[in-house]
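**Q** Compute the structure for the input listed below.
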Amino acid sequence: MTQALGATLIATVVIPLVAGIVLLVAHWPGRIARWLSLAATIATLVCSIVLAASYESLPARTPQTSAVQPRMELHYRWLNYIRQSSEKTKPEDVPTNRDPIVHLEFLLGLDGISLSLIVLTSLLTFSAMLISWSPIHDREREYYAALLILMGALNGAFCSFDIVLFYVFFEFTLLPLFFLVGIWGGPQRREAAVKFFLYTFAGSIITLTGVALLVIYATNDPELHLAYPFSIPALAAALEQHPLSLDLQRALLLSIAVGFAVKVPLFPFHTWLPLAHTEAPTAGSVILAGLLLKLGAYGFLRICLPLFPDACAEIGTPLIGLLAVIGVIYGALCAYAQTDLKKLVAYSSISHLGFCMLGMFALNAEGITGSFLQIINHGLSTGALFLLVGMVYERYHTREISQLGGIASKLPLISAAMVFTCLASMGLPGLNGFVGEFLSLVGMFKTNRTFAVVGTLGVILAALYLLSMLRRAFFGPVGEAPHHYPQVPDLRRAEGWAVVPLMALCLAIGVYPKPLIDVVKPDLEAIARLYDGHRPVQHETAVAQREVRR
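**A** This is a model prediction of the structure:
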């Protein structure tokens, strides 16, 4: 059973990557490219659903283990480097079996966190494929290839438990999205693509420096006894028993966190996001908001919190918590000031992801659980918002709120979906946004009441800018754009298949979040256990014991 699930996990990475490469090298017409890409996406979605349905059959996490422990691991040898001796020896003196000095593995795994994000990736890519069916007519083969390759890279990042392999997939996601924005985007697409690439790549280089320093230290420290120092679970287990010095943890956290902070994006690293969202095609905006931004939050959750608990407790909560609160309020105020529908949703992402980071750096079970729920919820609700904004733009060729108005009388189904999704995004009780924001604020209230109280203002501001947008764009007198295009179709069948599953999940998680919480609860509670009590005392004790042993 485990072998079959391992093959299914690999398929979620390989199927979209292979299909994307085939589309790049095969000169097929656009119609064949569309159907092949849709078939590959559906196959990947089916594989992710099979993983979710069979997840409980995997061996359960053992209690009181390290913070990172996948329920399934797959090891495939990637690279061996054997150092050759410079001394002259006789042939018979050369050992026939030499251990590699450095070796890398394709270490893939599955836990509740990675499973949830793989399912989200497959579902949102399916929606992105369907929403592209009508608008994309130029270079279709390359467009769908970029979407598929991006899907495979995201799935690879979410199931990588080798820190180098994770970084490779983390960086690889930049290329297909760069081309999606730069080729099929709006009038300022080139500026948006270059700004997106430079910002995220610069942050990632600093992250690479921190990763390299961490691996070098882990390799040269004899007390860690790491046979494979690139394994995130092995690093987490070893560093829990033999913690790094506080100064080293601070340095590694600050360096590694930069690339993740740009990806989230945390204030003030957010300036690349609004332009990239505005100029990206609809599918690109869905993937960017729903998935790519989650890579940053996932990096904090997978690497920073388990490996550097003392530094996170000392500087993470006051620093990142403060930036998260600023992002919540700043993003909401900027969203309220926008006259463009897509820019409004883009700035709302900054605000909502601020809640995600606020809960995560509460460093307790409630906050971390709320943070992860917000990761999933934001992908569903904001992905649906970008889908609906794209539908409106395709019909009226404008996103200016002042030129819209009275759309509800012209497009009742699209308008009803927009109202529902806005209510979910603003955190209405009974819908998914409420669950994640409530738990994040409860968790932060236990850690820092000031941050929690100020963060609550973001919920009020979200209702303000979203309800104001609905009133001006969808209700009231019919605007200029609907007058110019009086006969436009309402929700098409493909568009319904793209957005309705996301809305259904928004409702399901809001009414009954227990199944999702149960999947991720053991993994998130294992991380939260690192922060039970006051960490500095535990840290000083562990370091003192280590010095005595030395």
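**Q** Please enumerate the helices of the stretch 151-300 of the chain.
**A** 163-172, 174-184, 189-220, 232-241, 246-263, 273-279, 282-287, 293-299 (DSSP state H, counting those that start in this stretch).
**Q** again, but for the stretch 451-550 of the chain
**A** Under DSSP H, counting those that start in this stretch, the stretch 451-550 of the chain gives helices at 480-484, 493-511, 514-529, 535-549.
**Q** and among the helices of the stretch 151-300 of the chain, the most buried is which?
**A** Most buried of these by mean neighbour count (mean count of other Cβ atoms under 10 Å) is helix 282-287; its value is a mean of 28. (Each C-beta comes from the backbone N, C-alpha and C, glycine too.)
**Q** what sits up against that one?
**A** 124-125, 127-129, 131-132, 135, 147, 150, 154, 177, 180-181, 184-185, 277, 342, 346, 383, 386-387, 389-390, 393-394 (Cβ atoms under 8 Å, 6 or more residues apart in numbering).
**Q** Let me know the helix or strand that the closest residue to Tyr465 other than its chain neighbours is in.
**A** Nearest residue to Tyr465 in three dimensions, chain neighbours excluded: Tyr336, at 3.9 Å (Cβ to Cβ, 6 or more residues apart in numbering). Applying DSSP states H and E as the criterion places Tyr336 in helix 321-337.
**Q** what's the angle between that helix and helix 246-263?
**A** Using axes from the mean of the first three to the mean of the last three Cα atoms, to 10 degrees, the direction of helix 321-337 lies 10 degrees away from that of helix 246-263.
**Q** Tell me the helices and strands packed up against the next helix or strand after helix 321-337.
**A** Using DSSP H and E, the next helix or strand after helix 321-337 towards the C-terminus is helix 341-360. Applying 3 or more Cβ pairs under 8 Å, 6 or more residues apart in numbering; DSSP states H and E, one finds that helix 341-360 contacts helix 273-279, helix 293-299, helix 321-337, helix 365-396, helix 432-447, helix 449-474.
**Q** Including distance to Ser285, could those helices go into CSV?
**A** What follows is those, written out as CSV (distance: least, Cβ to Cβ, whole Å):
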stretch, distance to Ser285
helix 273-279, 5
helix 293-299, 11
helix 321-337, 15
helix 365-396, 4
helix 432-447, 19
helix 449-474, 16
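**Q** The ones you listed: which one's closest to Met418?
**A** Closest to Met418 of these, according to Cβ to Cβ: helix 365-396, at 4.9 Å.
**Q** so what does the helix or strand just after that closest one touch, helix or strand wise?
**A** Using DSSP H and E, the helix or strand that directly follows helix 365-396 along the chain is helix 407-410. Packing partners of helix 407-410 (3+ Cβ pairs under 8 Å, 6+ apart): helix 412-425, helix 449-474.
**Q** returning to that earlier point: of the helices of the stretch 451-550 of the chain, which approaches Ile42 most closely?
**A** In terms of Cβ to Cβ, the element of those nearest to Ile42 is helix 493-511, at 10.9 Å.
**Q** buried residues in the closest one?
**A** Using 16 or more other Cβ atoms under 10 Å as the test for burial, helix 493-511 gives Glu495, Ala498, Val499, Pro501, Leu502, Met503, Leu505, Cys506, Ile509, Gly510.
**Q** and it, how far from the chain's centre?
**A** Centroid separation for helix 493-511 versus its chain: 19 Å, with Cα atoms, centre = their mean, to the nearest Å.
**Q** again, but for stretch 349-359
**A** Relative to its chain's centre, stretch 349-359 lies at 12 Å (Cα atoms, centre = their mean).
**Q** Confirm for me that Gly430 is in contact with Tyr512.
**A** No. Gly430 lies out of contact with Tyr512 (Cβ atoms under 8 Å); the separation is 10.4 Å.
**Q** Could you pull up the residues touching Leu117?
**A** Counting by Cβ under 8 Å, 6+ apart, Leu117 has contacts Phe158, Lys294, Tyr298, Ile375, Ile376.
**Q** export these to CSV and tack on distance to Lys410 and pLDDT?
**A** Below are the contacts of Leu117 laid out as CSV (distance: Cβ to Cβ, whole Å; pLDDT from 0 to 100):
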residue, distance to Lys410, pLDDT
Phe158, 40, 93
Lys294, 34, 89
Tyr298, 40, 92
Ile375, 35, 92
Ile376, 33, 93
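**Q** Switch these over to JSON lines; also include distance to Pro477.
**A** As requested, these are exported to JSON lines (distance: Cβ to Cβ, whole Å):
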{"residue": "Phe158", "distance to Pro477": "46"}
{"residue": "Lys294", "distance to Pro477": "39"}
{"residue": "Tyr298", "distance to Pro477": "45"}
{"residue": "Ile375", "distance to Pro477": "39"}
{"residue": "Ile376", "distance to Pro477": "38"}
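**Q** how about low-confidence regions in the chain?
**A** For the chain, applying pLDDT under 70 flags the ranges 1, 63-65, 79-103, 533-550.
**Q** Geometric centre of it: which residue is closest?
**A** Nearest to the geometric centre of the chain sits Lys294, at 1.6 Å (Cα atoms, centre = their mean).
**Q** Can you tell me how far that residue is from Ala234?
**A** 25 Å (Cβ to Cβ, to the nearest Å).
**Q** ditto for Glu480
**A** 62 Å.
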